[in-house]
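>>> I'd like to go over a predicted model; first the sequence, then the structure.
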Amino acid sequence: EDQVTQSPEALRLQEGESSSLNCSYTVSGLRGLFWYRQDPGKGPEFLFTLYSAGEEKEKERLKATLTKKESFLHITAPKPEDSATYLCAVPARPGGYNKLIFGAGTRLAVHP
Amino acid sequence: DAGVIQSPRHEVTEMGQEVTLRCKPISGHDYLFWYRQTMMRGLELLIYFNNNVPIDDSGMPEDRFSAKMPNASFSTLKIQPSEPRDSAVYFCASSLWASGSYNEQFFGPGTRLTVL
């Protein structure tokens, strides 16, 4: 069965303290991995798509990387506004790119 | 663009009552998704539509749940009868098809359902 596991469940950082979030998956023939950000009381907001091992994407203080077994979301010098829950997802088989399996998320809190 | 619109934002009802959640996707999008989010199970896909036609409803938990999309700008998710275990946040999302790649899903603000 396809599974997505995120760690840690929660992470508390001081402003400026860099760290990484992990997303590991067990799905045959990975066709992509997606990162979303969710603020409290809101729907998830798309961040990145990664399609193949070795691929990297960056957006402001965030960088997502992908290996054959896992993905990392690196947060460099975070600010309080980066506080949110970060979700990763992979497409289920069968289902094309539309049927996504989401991980439970990592709740990130950045304190000034 | 107003984004995906959901109503109501909050719904409190009693066990056994019918609940109808509504969604207006982003204009021009041809895919519509219904998700449920709980602390225990996370974010789960319930059903999705393409051009108003249901494509995959394997995530619908049981026959008490039904979804319709009568036109390109409106969809409903109905629970009848509702049970306390249906309490969750229900999200609607929409996307625009693009060949051979992932199509970003745009999520609405969600409806928080509480069944007493």
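Here it is on my side, so go on.
>>> can you list the residues of chain B near chain A?
Within chain B, the positions adjacent to chain A are B:4, B:31, B:33, B:42-45, B:48, B:50, B:55-56, B:91, B:93, B:95, B:101-110 by Cβ under 8 Å from any Cβ of the partner chain. (Glycine included, C-beta is placed from N, CA and C.)
>>> Quick check on those residues: which are buried?
Buried subset of the residues of chain B next to chain A (neighbour count, 16 or more other Cβ atoms under 10 Å in any protein chain shown): B:4, B:31, B:33, B:42-45, B:48, B:50, B:55-56, B:91, B:93, B:95, B:102-103, B:105-110.
>>> Backbone dihedrals for the closest residue to chain B within chain A, please?
Of all residues in chain A, residue A:43 sits closest to chain B, with a separation of 2.9 Å (Cβ to the nearest Cβ). Per-residue torsions, residue A:43: phi -80, psi 160 (degrees, to the nearest 10).
>>> thinking it is in contact with residue B:110, fair?
Yes. With contacts counted by Cβ atoms under 8 Å, residue A:43 reaches residue B:110, the gap being 5.5 Å.
>>> before we move on, back to that, among the residues of chain B next to chain A, which lie within helices?
When DSSP state H defines the helices, the subset of the residues of chain B next to chain A inside them is empty.
>>> burial of residue A:11, as a residue count?
Using other Cβ atoms under 10 Å in any protein chain shown, the number of residues around residue A:11 comes to 18.
>>> tell me the centre residue of chain B?
To find the centre residue of chain B, average its C-alpha atoms and take the closest one (Cα atoms, centre = their mean): that gives residue B:34, at 2.7 Å.
>>> what's the closest residue to it other than its chain neighbours in contact with, if anything?
Sequence neighbours aside, residue B:46 is the residue nearest to residue B:34 in space, at 4.5 Å (criterion: Cβ to Cβ, 6 or more residues apart in numbering or on different chains). Remark: with contacts taken as Cβ atoms under 8 Å, 6 or more residues apart in numbering or on different chains, residue B:46 is in contact with B:34-36, B:57, B:59-61, B:65, B:67, B:77.
>>> Please pick the buried ones from those.
In those, burial by neighbour count holds for B:34-36, B:59-60, B:65, B:67, B:77, counting by 16+ other Cβ under 10 Å.
>>> can you name the two of the residues you listed that are farthest apart?
With distance counted by Cβ to Cβ, no two of those lie farther apart than B:35 and B:65, which are 12.5 Å apart.
>>> From chain A, how far out is the residue lying closest to residue B:79 once chain neighbours are set aside?
Take residue B:79 and drop its neighbours on the chain: the residue closest to it by Cβ to Cβ, 6+ apart is residue B:19, 4.6 Å away. Taken as Cβ to the nearest Cβ, to the nearest Å, the spacing of residue B:19 relative to chain A amounts to 19 Å.
>>> Verify the contact between residue B:19 and residue B:12 for me.
No. With contacts defined as Cβ under 8 Å, residue B:19 does not count as touching residue B:12, sitting 9.9 Å away.
>>> before we move on, back to that, any chance of the contacts of residue B:46 in JSON lines, with secondary structure too?
Written out in JSON lines, the entries for the contacts of residue B:46 read as follows (DSSP: H, G, I helix; E, B strand; the rest coil):
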{"residue": "B:34", "secondary structure": "strand"}
{"residue": "B:35", "secondary structure": "strand"}
{"residue": "B:36", "secondary structure": "strand"}
{"residue": "B:57", "secondary structure": "coil"}
{"residue": "B:59", "secondary structure": "coil"}
{"residue": "B:60", "secondary structure": "coil"}
{"residue": "B:61", "secondary structure": "coil"}
{"residue": "B:65", "secondary structure": "strand"}
{"residue": "B:67", "secondary structure": "strand"}
{"residue": "B:77", "secondary structure": "strand"}
